Each structure stands twice: as structure tokens, then as C-alpha cells.
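Novice: model the following, please.
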Amino acid sequence: MHRVLRSDGVYVLNVIDRDPWGLLAAEVATVAHKFPYVVLLARPEQLAPGGGGNAVVVASDLPIDVAGLMEKAAVRGEPGSVLDGGAALRFAGDAPVLTDDRAPVDQLIS
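Specialist: Predicted coordinates:
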């Protein structure tokens, strides 16, 4: 995706996973491997122990308006659902970077 995305483009990826979040963490790690700016969107209860559901990974070569996303989430009554780059990377931890040669998605899905 990074190769074909325009320089001002934004990559948005919907990921369905649940605790312990192996797939989502790997997707965040993979996207962060190629893009300098990454944001993770998920409600706090989704990321809590036993949680699950849809999460959205947003990535770009240009800065992402994290403050704007946080403001919109707060207006919707979902404060805390925007994890900026640092928080997203901490969430990913030491998750593997997926490649065309190695993408064990079936093993990462909880």
C-alpha cells in the first residue's frame, strides 16, 4: 500500500480482533514499519481485558490530526478511543511485522 499511496495519502485499515490482540498488534507494527505517522482508533472497553471488536489503524507519511480525532471522539462520547503514535506503538509492543513471505494471520487471530 505504501508504494502506491500518494505522498499526501492516508491509509485506513479496519481490523477485527479480540484480547489478546495478536492480529491488531501485528497490523499496527506492520503499518508503523512503513509509515512515520500511525494512529489506532478503538474504544477503551474494546482494548480492555476480554474486549474485542473493530479497531481502525490510520497511517500516513504526513502528520495526522490527532487532536482533531480526539475532539471528534469526545463529541461522540468516546473519549480515550484515539491512541496516538506513541501509544499505538506501545500497544503493538514486540508484535511481528507481517510480510508477503510471512503473514500468519490465522495464527494471530484470537
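
Novice: please count neighbours and contacts with C-alpha atoms only from this point.
Specialist: OK.

Novice: any weak-confidence spans in this structure?
Specialist: 102-110 (pLDDT under 70).

Novice: for it, what spans make up the strands?
Specialist: 10-18, 37-41, 52-60, 82-83 (DSSP state E).

Novice: can you tell me the strand partners of the first one and which way each runs?
Specialist: Partner strands for strand 10-18, per DSSP bridges, with pairing direction: strand 52-60 (antiparallel).

Novice: geometric centre of this protein: which residue is closest?
Specialist: Nearest to the geometric centre of the chain sits residue 57, at 3.1 Å (CA atoms, centre = their mean).

Novice: report the contact partners of it.
Specialist: By CA atoms under 8 Å, 6 or more residues apart in numbering, residue 57 lies in contact with 11-15, 27-28, 38-41.

Novice: one more pass at 6 Å, please.
Specialist: For residue 57, the contacting residues are 12-13, 39-40, by CA atoms under 6 Å, 6 or more residues apart in numbering.

Novice: using CSV, lay out those residues together with distance to residue 99.
Specialist: What follows is those, written out as CSV (distance: CA to CA, whole Å):
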residue, distance to residue 99
12, 18
13, 16
39, 20
40, 20
